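Sequence first, predicted model second:
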Amino acid sequence: MFKSVEELVTIATERNIPISEVMIEQEMHVRRASREDIIGMMDRNLEVMEEAVERALQGVTSVTGLTGNDAVLMQDYIRSGKSLAGDLILDAVSKAIGTNEVNAAMGRICATPTAGSAGVVPGTLFAVKDRLEMDRDAMIRYLFTSGAFGFVVANNASISGAAGGCQAEVGSATGMAAAAIVEAAGGTPDQSATAFAIALKNMLGLVCDPVAGLVEVPCVKRNAMGGANAIVAADMALAGITSRIPCDEVISAMHEVGQMMPTALKETAKGGLANTPTARRLERNIFGAKEDAKQ
Amino acid sequence: MKYRSVFDIIGPVMVGPSSSHTAGAARIGLMAGKLFGRTPRTAHITFYGSFADTYRGHGTDVAIVGGIMGFDTFDLRIPQALDIAREKGIEVIFETSDLLTDHPNTARVLLEDEFGTFEIVGISIGGGTIEITELNGFPLKLTGGGPALVVLHHDRFGAIAAVTGVLANHQLNIGHMEVSRHEKGMQALMAIEIDETIPAEVIAELERLPQIERIAIFGE
């Protein structure tokens, strides 16, 4: 099993195969399963992602009412033709938001790598697929490439907000998406690693401070910005821009930052946005007075 | 390596909103329910760390109870799990503790009925992946080097040989193994890490062995 991004890139480069292929072959070996089985499993996960976005674009609101319907707002705005950032980025933003709106509503999603960060990978995929003329196979490969990078992060650092903050969740997802976009666009494995490094570098230090302990505010919008960040990082890598700090060292830095981060900023709803007056008011409205179980 | 599969990263398919606090909690509940083997009369659940602070907002409570009743991470009944538990006559008690644990997402599940009790401690390490750190008072120190087979059995001669014999017949290699018991001749535990995925027919064969009470797999 590959243990680092460096190892992953070396295998792919030496054998002249894409990163997605390295991941597929490893999975076949680990599960002792056929290629068809592995591809089929990923295809079903892709279907779940598609269903979530489809549902979101019809409008969905969470139980608390804190989040919902922003994916639709953004689609309407794109159709108005007035967008500044460009339709492709905003389509990713809309679909990342949509996935997390469904998640917040306790709908069915596919964690990528977590539920709180489930919007970035599918949001970017559905935004770039037409531009990059991706068929079903290429879309499935996108998920394997994302997964390969997430696999290294999960084993060498963390993908848990409680352990490493939001940088470990939306940060990791953003890097994963950036790396996958590069492969889908015809970039090299090395450029995928660069895109991952650039994306994660710009997410370092991001805290996990969910209002009322709900995976809604600011999680949904962080996925939106993760999607935008991923596309820009991919474009930078494809333009030939490199990262001075190698990808694996960026991952180590993320891990270190996560360990130094105070507990109040790691999914405990005690600090950051969760501790603002408005957040506390919302919390009281949702859960009632402090009959809270904190003993 | 704690994560072995790409589907730990791109997956699980699940009901929101949190992979660690909802899907992971459901999996801890599933493991408890499967090892208990029947519908409990009482489920006593203690949350620690981040679980204690945010369990309501993350649906950790409904997910873990759903898991105990056998609902998988993607089961759309999870949001209604507390109501369903009430209909089934399961008394659910939640408690939070500010005791410091090794991992911020820790839950203890104690299941009870007139025939006995069963307790596990699980941690949710991110993305829906869990580890079980304690089982009926037996501390588990799995390395995460492969999927693990956890076998609760009667402490009798030949039980360990029978289980490892089945694994050998199926050419499954053991990477790490620990055995423990509370008292001679009473309940004992085997935790076995295997290098490969454990096929369903192997589990079925193990379950047919005498001396074996319950089997569960995790880390796949």
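All right, it came through fine.

Number of residues surrounding B:His182?
A count of nearby residues for B:His182, using other Cβ atoms under 10 Å in any protein chain shown, gives 12. The way it works is simple: take the backbone N, C-alpha and C, and place the C-beta from them, glycine included.

Helix, strand, or coil at B:Lys141?
Assigned state for B:Lys141: coil (three-state reduction, DSSP: H, G, I helix; E, B strand; the rest coil).

can you count the residues close to it?
Per other Cβ under 10 Å, the neighbour tally for B:Lys141 reads 8.

Does it touch B:Glu178 like I think?
Yes: here B:Lys141 reaches B:Glu178: they are 6.7 Å apart, a contact under Cβ atoms under 8 Å.

What residues sit buried inside the helix or strand of chain B with the lowest mean pLDDT?
Ranking every helix and strand in chain B by mean pLDDT, DSSP states H and E puts strand B:212-218 at the bottom, with a mean of 86. Residues B:Ile212, B:Ile215, B:Ala216, B:Ile217, B:Phe218 are the ones in strand B:212-218 that count as buried (16 or more other Cβ atoms under 10 Å in any protein chain shown).

list the helices and strands that strand packs on?
For strand B:212-218, the elements it packs on are helix B:24-36, strand B:129-135, strand B:148-154, helix B:200-207, judged by 3 or more Cβ pairs under 8 Å, 6 or more residues apart in numbering or on different chains; DSSP states H and E.

Distance check, the most centrally placed residue in chain B against B:Leu110.
Of all residues in chain B, the one closest to the mean position by Cα atoms, centre = their mean is B:Met31, 2.8 Å from it. Computed as Cβ to Cβ, to the nearest Å, the B:Met31 to B:Leu110 distance reads 13 Å.

swap in A:Leu125?
A:Leu125 sits 43 Å away from B:Leu110, going by Cβ to Cβ.

Strands of chain A, residue ranges please.
Ranges of strands within chain A are A:108-110, based on DSSP state E.

Quick check: which ranges of it have low pLDDT?
By pLDDT under 70, the low-scoring segments of chain A are A:289-295.

show me the contacts for A:Ala163.
Applying Cβ atoms under 8 Å, 6 or more residues apart in numbering or on different chains to A:Ala163 gives the contacts A:Gly258, A:Lys266, B:His103, B:Pro104, B:Asn105, B:Ile125, B:Gly126.

tell me the contacts of the fifth one?
Shown in contact with B:Asn105 (Cβ under 8 Å, 6+ apart): A:Ser160, A:Ala162, A:Ala163, B:Ser20, B:His21, B:Gly24, B:Gly49, B:Ser50, B:Phe51, B:Ile123, B:Ser124, B:Ile125.

burial of the spatially closest residue to A:Asp70 that is not a sequence neighbour, as a residue count?
Closest residue in space to A:Asp70, ignoring its immediate chain neighbours: A:Ile97 at 5.1 Å, by Cβ to Cβ, 6 or more residues apart in numbering or on different chains. Using other Cβ under 10 Å, A:Ile97 has 28 neighbouring residues.

Now B:Thr164: closest residue in space that isn't a chain neighbour?
Leaving out its chain neighbours, the residue that sits closest to B:Thr164 by Cβ to Cβ, 6+ apart is B:Ile174, at 6.8 Å.

Which residues are in contact with the one you found?
By Cβ under 8 Å, 6+ apart, the neighbours of B:Ile174 are B:Thr164, B:Leu167, B:Ile192, B:Glu193, B:Ile194, B:Asp195.

Could you do B:Gly128 as well?
Neighbouring residues of B:Gly128 by Cβ under 8 Å, 6+ apart: A:111, A:114-115, B:8, B:11-12, B:14, B:19-20, B:23-24, B:27, B:73.

Check A:Cys247 too.
Each residue near A:Cys247 by Cβ under 8 Å, 6+ apart is listed here: A:Val5, A:Glu6, A:Ala193, A:Thr194, A:Phe196, A:Ala197.

ranking the residues you listed by neighbours, who comes first?
Top of the contacts of A:Cys247 by neighbour count (other Cβ under 10 Å): A:Phe196, with 34 neighbours.

what residues are up against that one?
By Cβ under 8 Å, 6+ apart, A:Phe196 lies in contact with A:Val5, A:Phe149, A:Gly175, A:Met176, A:Ala178, A:Ala179, A:Ala233, A:Cys247, A:Val250.

Break chain B into its domains for me.
B:1-135, B:143-220 (automatic domain parsing).

and those domains, which one's lowest on average pLDDT?
Ranked on mean pLDDT, the bottom entry among those is domain B:143-220, at a mean of 89.

Find out how far that domain is from the centre of the chain, if you would.
Counting by Cα atoms, centre = their mean, to the nearest Å, domain B:143-220 is centred 15 Å from the centre of its parent chain.

Name the residues of stretch A:106-116 that are buried.
Buried-residue list, stretch A:106-116, by 16+ other Cβ under 10 Å: A:Met106, A:Gly107, A:Arg108, A:Ile109, A:Cys110, A:Ala111, A:Thr112, A:Pro113, A:Thr114, A:Ala115, A:Gly116.

okay if I get the residues you listed as JSON lines plus distance to A:Gly240?
JSON lines is the format used below for the buried residues of stretch A:106-116 (distance: Cβ to Cβ, whole Å):
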{"residue": "A:Met106", "distance to A:Gly240": "44"}
{"residue": "A:Gly107", "distance to A:Gly240": "41"}
{"residue": "A:Arg108", "distance to A:Gly240": "40"}
{"residue": "A:Ile109", "distance to A:Gly240": "35"}
{"residue": "A:Cys110", "distance to A:Gly240": "33"}
{"residue": "A:Ala111", "distance to A:Gly240": "33"}
{"residue": "A:Thr112", "distance to A:Gly240": "28"}
{"residue": "A:Pro113", "distance to A:Gly240": "28"}
{"residue": "A:Thr114", "distance to A:Gly240": "32"}
{"residue": "A:Ala115", "distance to A:Gly240": "35"}
{"residue": "A:Gly116", "distance to A:Gly240": "33"}
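
got the contact list for the residue nearest to A:Asp70?
By Cβ under 8 Å, 6+ apart, the contact set of A:Ile97 is A:Ala56, A:Asp70, A:Ala71, A:Met74, A:Gly119, A:Gly123, A:Val220, A:Lys221, A:Asn223, A:Ala224.

Now the two most distant members of these.
Greatest spatial distance among these (Cβ to Cβ): A:Ala56 and A:Lys221, at 14.2 Å.

These two - which one has more neighbours?
A count of neighbours by other Cβ under 10 Å puts A:Ala56 above the other of A:Ala56 and A:Lys221, at 29 against 18.
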